[in-house]
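Undergrad: need a 3D model of the following:
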Amino acid sequence: MFAFYDLETTGTSPAFDQPLQFAAILTDDDFNQVERVDIRCRLAPHILPAPWALAVTGVSPDQLMDPALPSWFEFSHQISDLIKRWAPATWTGYNTLAFDEEFLRQSFYQNLHPNLYQTQFDNNDRLDLMKVIYAVRDLEPNALEWPLDDLGRESFKLDRLAPANGFANHDAHDALGDVEATIHVASLVRKRAPAVWEQCLLNRDKHQVGRLLQSGHPVCLIERFGAAPPRSYFGAYAGTNPQNKNSVAFLDLDLCDASIIDANDRDLAKAVAASPKLIRTIAINKAPNLFPVANPSSAHSSLAQLVSAHSEFHKRVGQALADRYAGKEPAQHVEQLIYDGFYSAEDKRVLEDFTAGDWRNRARIVAQLDDIRLKQLGMRLIFSNAPEFVSMNYRSAASAAIRDRWLTNEPSTPWTTKATVDEQLDEIMSGEVLDRGRICALQDFYQARVSEIDT
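TA: Coordinates of the predicted model:
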């Protein structure tokens, strides 16, 4: 079974924005529809949506604040219940691993679900069709038509790719429309590039990916960077990050020779970080575009076999991967701490009680949590959904924190601020993206929202 899905959101930051729409279609293995859902939620009190996101998706201020819609908390549980009911399935979308999947995890994290990785549990797995498309472009370029963007470059955006390949009436930037377009493109790939499709399905299994990498034979990795077309990199397994077994080193066989095995630790650090990368990092649990090489060159085969025989080299490269981010500045905001350790068994039990309780009891249950992240998110949830159950001091502090975020003049904040709103509204007006009525509605909405928190 395949669960094709898409989200429309308040912006581009999974940590500091939220989903507004979730659409999904469950199909059998031949892409025949079994069930479809299309649900929306209202805006959380602490989030200021990006005007460009609203302009692109067509979501109106009235929809954002519609009391008939579920809260983000309720919405997250609707999605969670669906994932459980549809399991096992391959959760598939277009650019989902980098975008939609991260929004799902943040939704589960910020709304206190015990399990953040629901699309990977209960025998579920994941597939990102955009990655598959990159592989098709590199290995089977005649399988699809390749549209151009406004600058004359090949475009891999779904809203251009699907219509160029026969999908009529694509309602782009609506979650359900994008889901239908994704299914259409997936069916073409399955029919016209079956070998690519089958290998991409195998790559859903990280153990299969690991075995292919560690076979001792050259393998092909297909990736795309920037506006360049996707391309193949021929390489071999070169080690595993000891702190993250899903992070694996891929030695570029065209950029390296046998001397790399004797490189010192400083040179290995450069090899994994500098550009061009002599050693790339592959996340084996994210369905990488990894393909066996049927007829490798003798030079590639010889170097791959040599590297395969040097376990000490693998160990040193793995440590270089781990050391790469050792000096990274710690995150400052609770939303950015999502991957800062797993929950304890006791906290997971408390979270089950939190889900089952009502808001009065949830205020008591939050106090039982040990994880400071969960305590902070739990109190914010109660403030957002049932402020009568938090103290006046907390209400004042929470409102002040929201106000400080929205009104900050710090450049490059990871969330939408009033300054960002003003800038984007000016861009929308000068570009005549929306009619005067919709622009006025957005201006009134933002003025009221900021004024309310400012007082």
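Undergrad: helix, strand or coil for Gln243?
TA: For Gln243, the secondary structure call by DSSP: H, G, I helix; E, B strand; the rest coil comes out as coil.
Undergrad: I'd say it and Arg324 touch.
TA: No: with contact defined as CB atoms under 8 Å, Gln243 does not count as touching Arg324 (10.6 Å). C-beta here means a position set from N, CA and C on the backbone, and glycine is covered the same way.
Undergrad: could you chop the chain up by domain?
TA: Per automatic domain parsing, the domain ranges recorded for the chain read 1-204, 206-323, 334-454.
Undergrad: distance between the ends of the shortest one?
TA: One end of domain 206-323 sits 23 Å from the other (CA to CA, to the nearest Å).
Undergrad: ranges for the strands of the stretch 101-250 of the chain?
TA: Counting by DSSP state E, counting those that start in this stretch, the stretch 101-250 of the chain has these strands, from start to end: 125-128, 219-223, 231-240, 247-252.
Undergrad: note down every partner strand of the last one and its orientation.
TA: Read it as strand 247-252. Sheet pairing of strand 247-252 (DSSP bridges) gives strand 231-240 (antiparallel), strand 279-283 (antiparallel).
Undergrad: so for the shortest one, mean pLDDT?
TA: It refers to strand 279-283. When pLDDT is averaged along strand 279-283, the result is 93.
Undergrad: now the angle from that strand to strand 219-223?
TA: Comparing the axes of strand 279-283 and strand 219-223 via axes from the mean of the first three to the mean of the last three CA atoms, to 10 degrees yields an angle of 80 degrees.
Undergrad: quick one, which of the strands paired with strand 247-252 gets closest to Tyr94.
TA: The closest of those to Tyr94 is strand 279-283. By CB to CB, the value is 18.4 Å.
Undergrad: which positions in the closest one come out as buried?
TA: Using 16 or more other CB atoms under 10 Å as the test for burial, strand 279-283 gives 279-280, 282.
Undergrad: adjacent strands (with direction) for the helix or strand that it is followed by?
TA: Using DSSP states H and E, the helix or strand that follows strand 279-283 towards the C-terminus is strand 290-292. With DSSP bridges as the test, strand 290-292 is paired with strand 219-223 (antiparallel).
Undergrad: put the alpha carbons of the partner strand into PDB.
TA: Only the C-alpha atoms of strand 219-223 are listed here, as PDB (Å, rounded to 0.1, in the frame of the first residue of the first chain):
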ATOM      1  CA  VAL A 219      27.900   1.800  -6.300                       C
ATOM      2  CA  CYS A 220      26.200   4.800  -7.900                       C
ATOM      3  CA  LEU A 221      24.700   7.600  -5.900                       C
ATOM      4  CA  ILE A 222      22.400  10.100  -7.700                       C
ATOM      5  CA  GLU A 223      22.000  13.500  -6.200                       C
END
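Undergrad: centre of the chain to it, how far?
TA: Between the centre of strand 219-223 and the centre of its chain there are 21 Å (CA atoms, centre = their mean, to the nearest Å).
Undergrad: same question for that strand, mean pLDDT?
TA: When pLDDT is averaged over strand 219-223, the result is 95.
Undergrad: which other residues reach it?
TA: If you take CB atoms under 8 Å, 6 or more residues apart in numbering as the criterion, strand 219-223 is touched by 134-135, 138-139, 212-213, 230-237, 250, 280, 282, 288-293.
Undergrad: repeat that for 10 Å
TA: Here strand 219-223 makes contact (CB atoms under 10 Å, 6 or more residues apart in numbering) with 131-132, 134-139, 196, 199, 209, 212-213, 230-237, 250, 252-253, 280, 282, 288-294, 296, 300, 304.
Undergrad: with stretch 262-273 instead?
TA: By CB under 10 Å, 6+ apart, the residues outside stretch 262-273 that reach it are 238-239, 241, 249, 251-252, 255-256, 259-260, 274, 277-281, 310, 313, 316-325.
Undergrad: can I get that stretch in CSV, CA atoms only?
TA: Output of stretch 262-273 as CSV, limited to C-alpha atoms (Å, rounded to 0.1, in the frame of the first residue of the first chain):
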residue,chain,number,x,y,z
ASP,A,262,46.8,6.7,4.6
ALA,A,263,45.5,10.3,4.9
ASN,A,264,45.9,11.8,8.4
ASP,A,265,42.9,12.8,10.5
ARG,A,266,43.1,16.5,9.4
ASP,A,267,42.9,15.5,5.8
LEU,A,268,40.0,13.2,6.4
ALA,A,269,38.2,16.0,8.2
LYS,A,270,38.7,18.1,5.0
ALA,A,271,37.6,15.2,2.8
VAL,A,272,34.1,15.0,4.5
ALA,A,273,33.6,18.8,4.8
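Undergrad: follow-up on the earlier one: so which of the strands paired with strand 247-252 is nearest Asp178?
TA: Closest approach to Asp178 among the strands paired with strand 247-252 (CB to CB): strand 279-283, 24.0 Å.
Undergrad: contacting residues around that closest one?
TA: Outside strand 279-283, the residues that reach it (CB under 10 Å, 6+ apart) are 97, 206, 209-210, 213, 219, 221, 223, 233, 235, 237-239, 241, 244, 246-252, 255-256, 260, 268-273, 288-290, 317, 320-321, 324.
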